[in-house]
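[1] Whatever this is, show me its structure:
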Amino acid sequence: MALELLTFLGLAILVEGVLLALMPGAISRMMAEFATRAPERLRHLGLVAAIAAAAFLMVLAHLSDGAAADGARLGFPVLRGVLAGLL
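    Below is the predicted model:
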């Protein structure tokens, strides 16, 4: 479980870094816009994003070959294979 969590965390950091490298101006404008929004609106946006991410991970766990039958364990064997091939 820890390896899968670290794999997913590493992928999330990789995607964030690539987006920041490719679009620094857009990211800067987005952060400036977030700074002007009300905290309640940001809280709702964060909640929606968290729910969407949780749903995505549940679907990924269900479709993954390494997932337990009851969906209790997230497995990312295909993702690990792709990342190992890239590195």
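
[2] who's in contact with residue 24?
    Listed by Cβ atoms under 8 Å, 6 or more residues apart in numbering, residue 24 has no contact partners. C-beta coordinates here come from the backbone N, C-alpha and C atoms, glycine included.

[3] Roughly how far does residue 52 sit from residue 58?
    Computed with Cβ to Cβ, to the nearest Å, the distance linking residue 52 and residue 58 is 11 Å.

[4] and these two? which has more neighbours close in?
    Comparing residue 52 with residue 58 by neighbour count (other Cβ atoms under 10 Å), the higher total belongs to residue 58, at 13 against 10.

[5] show me the contacts for the spatially most central residue of the chain.
    The centre of the chain sits closest to residue 12, judged by Cα atoms, centre = their mean, with a distance of 4.9 Å. Shown here is residue 12, which makes no contacts under the criterion Cβ under 8 Å, 6+ apart.

[6] Using the three-state scheme, assign it.
    Secondary structure state of residue 12, per DSSP: H, G, I helix; E, B strand; the rest coil, is helix.

[7] what about it, distance to residue 58?
    The gap separating residue 12 from residue 58 is 17 Å, by Cβ to Cβ.

[8] Residue 51 too?
    Spatial separation of residue 51 from residue 58 under the definition Cβ to Cβ is 11 Å.

[9] same deal with residue 8?
    Residue 8 sits 13 Å away from residue 58, going by Cβ to Cβ.

[10] Below-threshold pLDDT in the protein: ranges please.
    Applying pLDDT under 70 to the chain flags residues 1, 61, 64-87.

[11] Quick check: buried residues in the helix or strand where residue 6 lies?
    Taking DSSP states H and E as the criterion, the element that holds residue 6 is helix 2-22. Going by neighbour count (16 or more other Cβ atoms under 10 Å), the buried part of helix 2-22 is 4, 7.

[12] Noted, bye for now.
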